[in-house]
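Asker: structure of the sequence below:
(one chain, ligands or ions: 1)
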Amino acid sequence: MKLILLGAPGAGKGTQAEIICEKLSIPTISTGNIIREAMKNGTEMGLKAKAAVEAGQLVSDDVVIGIIKERLAKDDCNNGFILDGFPRTIPQAEALDSLGVEIDCVLDIDVKDEAIAARLGGRRVCPACGASYHLEYKKPAKDGICNLCGAELIQRKDDAPETVLERLAIYHEQTEPLKNYYSKTGKLKSVPGQEEVADTTKLVFEALGI
Ligand SMILES: [Zn+2]
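Answerer: Numbers count the residues shown, from 1 in each chain. Purely as a prediction, here's the structure:
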């Protein structure tokens with residue numbers, strides 16, 4: 001199955017990607033990871049990405065799509081793949097189409113902004129050992145202190161309220177139009193994200209017929 005996962009930051013698509021990946025034995029391809037991998041391996045596109053990063057520029061769509069093309073050509077993608085975090089914009093979706101990749105399904109995990117703000121806003125991480133917590137769902141035994149190593153918990157910059165609002169605004173402006181783009185192809189399936197991961201997974205599996 002060739003699958004694209006859509007959803008706002010914090011909607012839980014990374015978690016669902018991992019679960020689907022395990023269930024179907026197909027790789028999850030997240031752009032951040034494959035760009036880092038291509039740079040490390042020094043592929044043609046990886047070197048271009050590295051040049052952009054070193055010059056303090058964003059990696060261009062052309063290079064990103066080139067890296068995706070390199071990645072999709074690997075054997076482990078023969079039975080399908082999950083694209084997580086790409087495409088993010090209409091031009092990227094058009095570029096993906098131009099590669100001639102036949103996507104089977106675009107799965108959108110839909111979560112309201114307020115729910116996302118509460119989820120991300122409550123996250124705390126331990127800067128020392130990397131453990132993660134949530135003020136509501138996964139409280140540390142002692143307020144603000146890591147259970148594992150006793151370090152003081154922090155809120156990541158990405159999870160600060162003003163950053164979350166900014167990321168959601170970018171999502172609505174640039175990525176959400178993809179729902180319309182893919183609904184025209186009849187490939188869009190939308191699933192309402194639930195509070196419990198397992199409940200969302202159930203709906204995801206139903207939507208995918210797996
Ligand atoms: Zn810790």
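Asker: alpha carbons only: can I get the helix or strand harbouring Leu96 in CSV?
Answerer: Remark: Leu96 resides in helix 90-98, with elements defined by DSSP states H and E. Taking C-alpha atoms only, helix 90-98 is exported to CSV below (Å, rounded to 0.1, in the frame of the first residue of the first chain):
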residue,chain,number,x,y,z
ILE,A,90,0.3,21.8,-3.4
PRO,A,91,3.5,22.3,-5.4
GLN,A,92,5.1,19.4,-3.6
ALA,A,93,2.0,17.2,-4.3
GLU,A,94,2.3,18.2,-8.0
ALA,A,95,6.0,17.3,-8.0
LEU,A,96,5.2,13.9,-6.4
ASP,A,97,2.6,13.3,-9.1
SER,A,98,5.2,14.2,-11.7
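Asker: what sits up against that helix?
Answerer: With C-beta atoms under 8 Å, 6 or more residues apart in numbering as the test, helix 90-98 has contacts from 61-62, 64-65, 68, 86-87, 103, 177-178, 181-182. For the C-beta atoms, the positions are set from N, CA and C on the backbone; glycine is no exception.
Asker: tell me which two of the residues you listed sit farthest apart.
Answerer: Of all pairs drawn from the contacts of helix 90-98, the greatest distance, 21.9 Å, lies between Asp62 and Tyr182 (C-beta to C-beta).
Asker: what about those two, which has more around it?
Answerer: A count of neighbours by other C-beta atoms under 10 Å puts Tyr182 above the other of Asp62 and Tyr182, at 21 against 11.
Asker: quick revisit: list the buried residues for the helix holding Leu96?
Answerer: Going by neighbour count (16 or more other C-beta atoms under 10 Å), the buried part of helix 90-98 is 92-93, 95-96.
Asker: return only those of these found close to the ion.
Answerer: Checked against the ion using C-beta under 5 Å from the ion, the buried residues of helix 90-98 yield no neighbours at all.
Asker: is it true that Pro192 touches Asp110?
Answerer: Yes: counting by C-beta atoms under 8 Å, Pro192 touches Asp110, with 5.3 Å between them.
Asker: before we move on, back to that, now for the buried residues of helix 90-98: which two are most distant?
Answerer: It's Ala93 and Ala95 that sit farthest apart of the buried residues of helix 90-98, by C-beta to C-beta, at 7.3 Å.
Asker: what residues does this structure have near the ion?
Answerer: 126, 128-129, 131, 146, 148-149, 151.
Asker: now render these as TSV, adding neighbour count.
Answerer: Converted to TSV, these look like this (neighbours: other C-beta atoms under 10 Å):
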residue	neighbour count
Cys126	20
Ala128	14
Cys129	12
Ala131	16
Cys146	23
Leu148	12
Cys149	12
Ala151	15
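Asker: return the distance of stretch 62-71 from the chain's centre.
Answerer: The chain centre lies 17 Å from the centre of stretch 62-71; the measure is C-alpha atoms, centre = their mean, to the nearest Å.
Asker: go on, stretch 125-132?
Answerer: Relative to its parent chain, stretch 125-132 has a centroid offset of 21 Å by C-alpha atoms, centre = their mean.
Asker: contact partners of that stretch?
Answerer: For stretch 125-132, the surrounding residues in contact (C-beta under 8 Å, 6+ apart) are 123-124, 133, 138, 146-149, 151-156.
Asker: fine, thanks again, bye for now.
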